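Asker: take this sequence and fold it.
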Amino acid sequence: MTIVQVSNLFNAIVQALDETNYYHYGWTSDTNVNIRNNFTKQNTRGKKYPAAHLDFPEVENVKIQPPKVDTNGRYNLIFEDSQYYQSEGGATKDRTILESHAELKAIAIAVLYNFNKVARTFFGTDAIGLKSNQFPFRYDANAAQNKVVRVIVTVELYYLDECPDEVDILDLIGNLEPPFNSLPPTTTDYEKL
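Answerer: Alright, predicted model coming up:
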């Protein structure tokens, strides 16, 4: 397991949920720009909301104890949505900031729940997962960008830096329940697709 695979797992889950339209891993400031990735392809449509962003790890603790390497890290997941307008089509959204925060919190919970479920199904509970079932949620609006509402969730997760070679991910994916049973393997950065 690598940080690329961790990000790809979040990316695949965000893609699988109907409530989300964009995923990116990178700088916090990237939330203000449209980054080319698998959602927007050649960047012709612009960033679509609701969006999910996985920030660089705040900290990673790496324990090297041959034959395995354990990594524990703290990450911020940022969930954003536009306030009063749709990101496509010019329609308006007549929602308050409070209603937007409630919707983003529900999306965040769905992403976290499914990340843990799918990750542990793929690799087992000892290989990857969220370290706790309690997460600090922070709320803001118009802070990083005008007319954008955000929920920021800090998560701590662990993963083994190496996966057993004998595990055939494609076979494991087929055994998952829909919509996760059609995910592509998580070995290349989805944002380049």
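Asker: name the residues that touch stretch 56-74?
Answerer: The list of residues contacting stretch 56-74 from outside it, by C-beta atoms under 8 Å, 6 or more residues apart in numbering, reads 3, 26-27, 75-76, 131, 154-162. For the C-beta atoms, the positions are set from N, CA and C on the backbone; glycine is no exception.
Asker: just the buried ones from these?
Answerer: Neighbour-count burial (16 or more other C-beta atoms under 10 Å) applied to the contacts of stretch 56-74 gives 3, 26, 75-76, 155-160.
Asker: restricted to strands, list the residues you listed.
Answerer: Those of those mapping onto strands are 26, 75-76, 155-160, per DSSP state E.
Asker: out of the buried ones among the contacts of stretch 56-74, who's nearest Ala127?
Answerer: Nearest to Ala127 among those: Leu160, at 4.8 Å, using C-beta to C-beta.
Asker: shouldn't the closest one be in contact with Met1?
Answerer: Yes. In this structure, Leu160 is within contact of Met1 by C-beta atoms under 8 Å, at 5.4 Å.
Asker: now list whatever residues contact both of those two.
Answerer: 123, 127-128.
Asker: among those residues, which are in strands?
Answerer: The strands, defined by DSSP E, take in Ile128 from the shared contacts of Leu160 and Met1.
Asker: export the shared contacts of Leu160 and Met1 as JSON lines, with columns for pLDDT, neighbour count and distance to Asp55.
Answerer: As requested, the shared contacts of Leu160 and Met1 are arranged in JSON lines below (pLDDT from 0 to 100; neighbours: other C-beta atoms under 10 Å; distance: C-beta to C-beta, whole Å):
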{"residue": "Phe123", "pLDDT": "82", "neighbour count": "22", "distance to Asp55": "23"}
{"residue": "Ala127", "pLDDT": "83", "neighbour count": "19", "distance to Asp55": "23"}
{"residue": "Ile128", "pLDDT": "86", "neighbour count": "23", "distance to Asp55": "19"}
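Asker: related to what we said a few turns ago, quick check, nearest of the buried ones among the contacts of stretch 56-74 to Ala51?
Answerer: Using C-beta to C-beta, the buried ones among the contacts of stretch 56-74 come closest to Ala51 at Gly26, 12.3 Å.
Asker: all good on my end, thank you.
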